[in-house]
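# Just to be clear, the model below is a prediction. Sequence and coordinates:
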Amino acid sequence: MVILIIGGVVGTLLALFLLSLPALLNNCAPNEVLIFSGGRRREGNKVYGYRLIKGGTGYRIPLFERVDRMDLTNMGIEVAAINAYCKGGVPLTVQGVANVKVAGHEPVLNNAIERFLGRSRAEIMQIAKATLEGSLRGILSTMTPQEVNEDKILFAERLVHEVEGDMTALGLVVDTLKIQNVHDEVK
């Protein structure tokens with residue numbers, strides 16, 4: 001009788017464990033990263049309170065780990081600087097489009113996780129836009145209106161180079177940046 005009770009309890013626990021396995025299994029698409037918070041991982045001298053899965057499958061340890069997803073796809077951001085003063089004191093209006101994404105490689109990805117985990121895509125885009133527009137104004141102040149208007153590709157390259165350090169600190173990467181329109185009120 002005791003063996004039957006123990007066998008029934010063990011069988012019930014085994015059935016519950018097998019039924020809970022799909023809830024513990026997490027699949028990750030190639031355009032996202034899974035962050036398993038709660039455990040520890042050591043990388044060199046650094047210790048992180050999470051582990052990462054990029055494009056694969058991971059098991060969550062029940063009661064100890066929480067799983068978050070972070071989207072790694074491109075975000076199209078319209079960039080504009082209105083009445084930004086360039087060298088010589090001429091106010092210019094510059095419009096462009098940037099493709100920005102959360103970095104998919106470490107250690108830059110760790111910066112993004114520390115800053116953006118739990119934030120919406122709209123919030124990430126707003127921070128990226130503010131960073132891009134601040135750098136845009138900074139670059140404009142070092143160039144004359146003729147330099148900005150004649151060589152938009154060089155202008156965009158200087159902007160990407162200028163913003164690269166700030167974006168890396170945020171955990172973001174600028175894929176492309178195109179300046180679409182440059183004009184002033186004086187024409």
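In hand now; what should we look at? Numbers count the residues shown, from 1 in each chain.

# which residues touch the nearest residue to residue 152 once chain neighbours are set aside?
Excluding its sequence neighbours, the residue lying closest to residue 152 (Cβ to Cβ, 6 or more residues apart in numbering) is residue 179, at 4.4 Å. From N, CA and C alone the C-beta is placed, and that goes for glycine too. By Cβ atoms under 8 Å, 6 or more residues apart in numbering, the contact set of residue 179 is 94, 95, 96, 152, 155, 156, 159.

# Now do the one helix or strand residue 179 maps to, average pLDDT.
Residue 179 is part of strand 172-184, with elements assigned from DSSP states H and E. Strand 172-184 shows a mean pLDDT of 86.

# got the buried residues for that strand?
For strand 172-184, a neighbour-count test (16 or more other Cβ atoms under 10 Å) marks 172, 173, 174, 177, 179, 182 as buried.

# Out of the contacts of residue 179, which is nearest to residue 29?
The nearest member of the contacts of residue 179 to residue 29, counting by Cβ to Cβ, is residue 96 at 29.8 Å.

# give me the beta-bridge partners of the spatially most central residue of the chain?
Centroid-nearest residue in the chain: residue 102, 2.3 Å away (criterion: Cα atoms, centre = their mean). Taking DSSP bridges, one obtains residue 172 as the residues bridged to residue 102.
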